[in-house]
Structures are given as structure tokens and as C-alpha cells.
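Peer 1: structure of the sequence below:
(chains A and B)
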Amino acid sequence: MLTKRIIPCLDIKEGRVVKGVKFLGLKDAGDPVEVARIYDNQQADELVFLDITASFENRKTLINLVEEIAENIFMPFTVGGGIRDITDIRDLLNAGADKVSINTAAVKFPDLISDASRKFGSQCIVVAIDAKKEDGGYWQVYINGGRTPADLGALDWASKAAKLGAGEILLTSMDYDGTKDGYDLPLTKAIAQRVNIPVIASGGAGKLEHFYDCFTKAGASACLAASIFHYQEYSVKQVKEYLNEKGVPVRL
Amino acid sequence: MIAIIDYGMGNIHSVQKALELMGAKTIVTNKPVDIANCDKAVLPGVGAFDDAMEELKKQDLTAALTDFIKNGKTLLGICLGMQLLFDISEEAKASKGLGILKGAVKKFEAKNNLKVPHMGWNQLKVKASGCPLLKGITENSFVYFCHSYYPQPKDKGVIASSTDYGIDFASIVWQDNIYGAQFHPEKSQETGLKILKNFVDLC
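Peer 2: A predicted model of the protein is given here:
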């Protein structure tokens, strides 16, 4: 049976992990390979690396980092942040990323999704959507790291991205991100029902039940989380053992 | 020596590193002569079927691969690299496959809430316990999949393991000296590394 995935997300700046990853016994909490190894041992199903500098000068650093991760960690990983065109995508995939996550560029140039999925296959093209609920009750897509409303409904955009050839949607609720109140179940459910591709829910994980609810009530294929894992509130393994006890299929 | 065929379809770093970690000597190459000099080869690949076949043709690799097989050497196709071994694919608009294995490559139907691509960790059901790749691999071991198409061999006897995703599809195929894995052993942690070790240890 295909299992539900648990995906830790790491923010990368100039080739280093940032935003406090606090593992006991880690020699260097900023070394992405070392952090990836910890999650590998905890049986994380995938990893997501988000380059938050994403400037032109740092591209080379990021490529080197991706090569290093691919050569050391034998698990799938996605790289996102600042991807603008086909060349960026090719460079990251050639360096060893299994998938790339595209956000702003996909909204600005939707053809990038179709071009990239035709060229590299849908399975490696993840479209990241940052969504926020607006007055009137609809979910608005935001770009540029959540700073700019895109004048686009999240449901319609998800549907269009899937049609253009996206292989997966990485859905972040801006309303729930950082709250630890749980995933945005109505948003996740609405998107998961709308598209035929897997949806990764992101934003809001604080308790074990949150993962359970997101899989069973909202129909997510995967749950992404950052701080809950980085600060060792729970290990990936604990989350999966909990889900397993509750009857959610996970890989243990 | 294992030739890892680099024909411009996606990364080969992980495959190479994983094989080396399992004790293999490898060469990354797209030269027919290098391939002919090896006793084993891996055909990796992610991306579109047509593009991949185009690249193989452009780089004179189709004959190199069929000759390699004819000479009794051992080939492992991974993901798209496995699909290319078959006759045809529903993904292909222009190209035929290598026709080394008989059968077609089909697309998963997105029905009954089945999400396509088939993405994530799924289980191997052993069909041919004698398959050397599966040595020491227990029933229902998890491996990582990431694909929208799957192979449908004409001869069901070549199915060494199957996996359930809406339908029961061939996840490992094996015919004499030809092996194919629809999943990514190089991304499947211990189970994947064990499968690659079995490949490395093949005589």
C-alpha cells in the first residue's frame, strides 16, 4: 500500500541550514548533510530544502550543496526557492535533486510548468502554493514569499497547475503557518478534492493529532513540518508510530 | 566495472554513489566503447520517454545497449530507464522503445481517488523469489516510487515483484541478464541499497 509521507522542511541560506535546528549530539547544526542524516535515521520519507536567500550569487552554492546531499543521502529530496526558469530547474535536477518546487515563477509564467513537466517529467515538478483566506471566504494565492497577492484563487490555481503538468502541490496555509494550531483542514481538503495529483500540506503542525487530522479529514498525501521536528518536540518516528497506531498507513 | 549510462536524462550522482558505497567500481559514460568494456551497466533516467529515446539514438546508444545484452552482460534499468527497455509506451508520441523486453508501458488511470503520479513509499510483493536482486529482501519491503507510467510485460513470467497502486503492476522485472526497477533503489534507503548490493554481487 502507498503510505502517507512525513516530510521535514529545512531552510537553507548560503548553503547552510538556518532557523535553529536543535539536535542533541549534532556537531554542526548548520550542515545540511548532517541534518539530513538525522532525519534519514528517523525514517523521514522525503526532505524539502528551501533556499531562502535565492539570490543569483548563491545559486552556485546551492548547486554544490545539492550535489553533496545527493551523494550522501539515499532518500528523495525536493529543492525550492528562487527558481525562475528551465535552466534553474535543469541545474538542480542534474545536481541530484529529485524534484524542484516552483512558486512565484509558476504564477508569473504558467508555461514554465508545462515546459518543465514535458522536459523532465511531471513527477519532478512540484508547484508550491502559498494561500491565505481573504474576506469573502476565498483563498488567495500569494507570491514573492507571501508578500504579494497574486489576484488568483488557490483552488483555481491548483487545478490549472495540475492541468499544466505539475506532479504535486505543496500547499502552505499562511493563516496557519507558525501557529502550531494544526494544518488548515478546509483549505487542504478543498485542494485535495480538486486535483488528481498528490497534495503536501504545510503550515501549522504542533501536535501528533494534527498529522492524523490532515491525512484522515483533509485527504493530504503528505504532511510537511519544520519546527516541530527541528526542536525535537517530536521525532519523525514518533509521528509515524502514532499514525500507525491510529491506522494510518505509514512506512515504519 | 559497472557503466552508468549518462545520456543527459537526469542525475546519476545518487546511483553512482550508492553503487560505489556497495563496493562497485563505476564509470559514468555515454560512449559505446566504454559500455562494451564493462560487464554490467545501469540505465537510469527521469523525464519524458520520447526525449530519452531521442538522446539514446543521437548518442548511438541503442545498438550499444542491445549488443551489450546479446553478449550476455547484465543490465539494470531504473525508472524511465526500465520503461525504455520495453516495446512501446503510452507516453511516447514519436518513439518506440528499445524492445529488449516485450510489452508496453501504460499510464495510471486517475480514478477512484487515485492520485497520479504514484509518489512515495510503497511495498514489494515478491513474485520470483529466485530473482537475485531480491536476495534477502523481505515481503512488503518499502521502496520509493515517483512515476505516472508503469510497465506491462507481455510475459508475466518476467515479473519479479509487483506493487499495488490501484492495480497490481510490475515493480521489478527480470529476464535472464536483464533487470528493471520501476522504483528508485538509490533513493530507497536500506532496502534500495541492499537491492543495489545484490546487483553489484551478481556474477
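Peer 1: C-alpha only now, for contacts and for neighbours.
Peer 2: OK.
Peer 1: what parts of chain B come near chain A?
Peer 2: Residues of chain B lying near chain A by CA under 8 Å from any CA of the partner chain: B:9-14, B:17-18, B:46-48, B:51, B:110, B:113-117, B:119-123, B:142, B:144, B:146-148, B:163-165, B:186-189.
Peer 1: nearest residue to residue 122 other than its sequence neighbours?
Peer 2: Chain wasn't specified; assuming chain A. Spatial nearest neighbour of residue A:122, excluding adjacent residues (CA to CA, 6 or more residues apart in numbering or on different chains): residue A:167 at 4.5 Å.
Peer 1: the intended chain is chain B.
Peer 2: Spatially, and ignoring its direct neighbours in sequence, residue B:122 is nearest to residue A:2 (4.5 Å; CA to CA, 6+ apart).
Peer 1: wouldn't the one you found be in contact with residue B:165 here?
Peer 2: Yes: the pair residue A:2 and residue B:165 passes the contact test of CA atoms under 8 Å, sitting 7.0 Å apart.
Peer 1: which one's more surrounded, these two?
Peer 2: residue A:2 (22 against 16; other CA atoms under 10 Å in any protein chain shown).
Peer 1: distance of that one from residue B:16?
Peer 2: 27 Å (CA to CA, to the nearest Å).
Peer 1: returning to that earlier point: who's in contact with the residue nearest to residue B:122?
Peer 2: A:249, B:120-123, B:164-165 (CA atoms under 8 Å, 6 or more residues apart in numbering or on different chains).
Peer 1: now the buried members of the residues you listed.
Peer 2: A:249, B:120-123, B:165 (16 or more other CA atoms under 10 Å in any protein chain shown).
Peer 1: that older thread, give me phi/psi at the residue nearest to residue A:122?
Peer 2: The phi/psi pair for residue A:167 (degrees, to the nearest 10) reads phi -90, psi -10.
Peer 1: was I right about it contacting residue A:124?
Peer 2: Yes: with contact defined as CA under 8 Å, residue A:167 and residue A:124 form a contacting pair (6.5 Å).
Peer 1: quick one, which of the two is more surrounded?
Peer 2: Counted by other CA under 10 Å, residue A:167 and residue A:124 do not tie: residue A:167 has more neighbours, with 30 against 26.
Peer 1: now the strands for the chain?
Peer 2: As the question left the chain open, I've gone with chain A. A:5-13, A:16-18, A:47-51, A:77-80, A:99-102, A:125-133, A:139-143, A:148-153, A:168-173, A:199-202, A:222-225 (DSSP state E).
Peer 1: looking at chain B here, not the other one
Peer 2: Per DSSP E, chain B carries strands over the ranges B:2-5, B:26-29, B:40-43, B:74-78, B:88-89, B:103-107, B:118-123, B:125-126, B:142-147, B:149-153, B:159-165, B:167-175, B:178-181.
Peer 1: how about those strands in CSV, adding distance to residue A:240 and mean pLDDT?
Peer 2: Below are the strands of chain B laid out as CSV (distance: least, CA to CA, whole Å; pLDDT from 0 to 100):
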stretch, distance to residue A:240, mean pLDDT
strand B:2-5, 35, 97
strand B:26-29, 37, 96
strand B:40-43, 34, 98
strand B:74-78, 28, 98
strand B:88-89, 37, 97
strand B:103-107, 31, 97
strand B:118-123, 13, 97
strand B:125-126, 22, 98
strand B:142-147, 14, 96
strand B:149-153, 28, 97
strand B:159-165, 21, 98
strand B:167-175, 25, 97
strand B:178-181, 27, 98
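Peer 1: with distance to residue A:74 as extra columns, can I get the ones you listed in CSV?
Peer 2: Converted to CSV, these look like this (distance: least, CA to CA, whole Å):
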stretch, distance to residue A:74
strand B:2-5, 17
strand B:26-29, 17
strand B:40-43, 17
strand B:74-78, 15
strand B:88-89, 29
strand B:103-107, 27
strand B:118-123, 13
strand B:125-126, 22
strand B:142-147, 10
strand B:149-153, 23
strand B:159-165, 21
strand B:167-175, 19
strand B:178-181, 16
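Peer 1: out of the ones you listed, which is closest to residue A:179?
Peer 2: Nearest of the strands of chain B to residue A:179, taken as CA to CA: strand B:118-123 at 27.5 Å.
Peer 1: now the angle between strand B:149-153 and the closest one, please.
Peer 2: 50 degrees (axes from the mean of the first three to the mean of the last three CA atoms, to 10 degrees).
Peer 1: which strands border strand B:118-123, and is each parallel or antiparallel?
Peer 2: strand B:142-147 (antiparallel) (DSSP bridges).
Peer 1: you'd agree residue A:180 is up against residue A:209?
Peer 2: No: Residue A:180 lies out of contact with residue A:209 (CA under 8 Å); the separation is 11.3 Å.
Peer 1: residue A:230 is nearest to which of the strands of chain B?
Peer 2: strand B:118-123 (22.5 Å).
Peer 1: okay, the angle between that closest one and strand A:5-13?
Peer 2: 120 degrees.
Peer 1: list of residues touching strand B:118-123?
Peer 2: Outside strand B:118-123, the residues within contact range by CA under 8 Å, 6+ apart are A:1-5, A:45, A:123, A:198, A:251, B:139-148, B:163-165.
Peer 1: hmm, 6 Å instead?
Peer 2: Residues from elsewhere that reach strand B:118-123 (CA atoms under 6 Å, 6 or more residues apart in numbering or on different chains): A:1-3, B:140-148, B:163.
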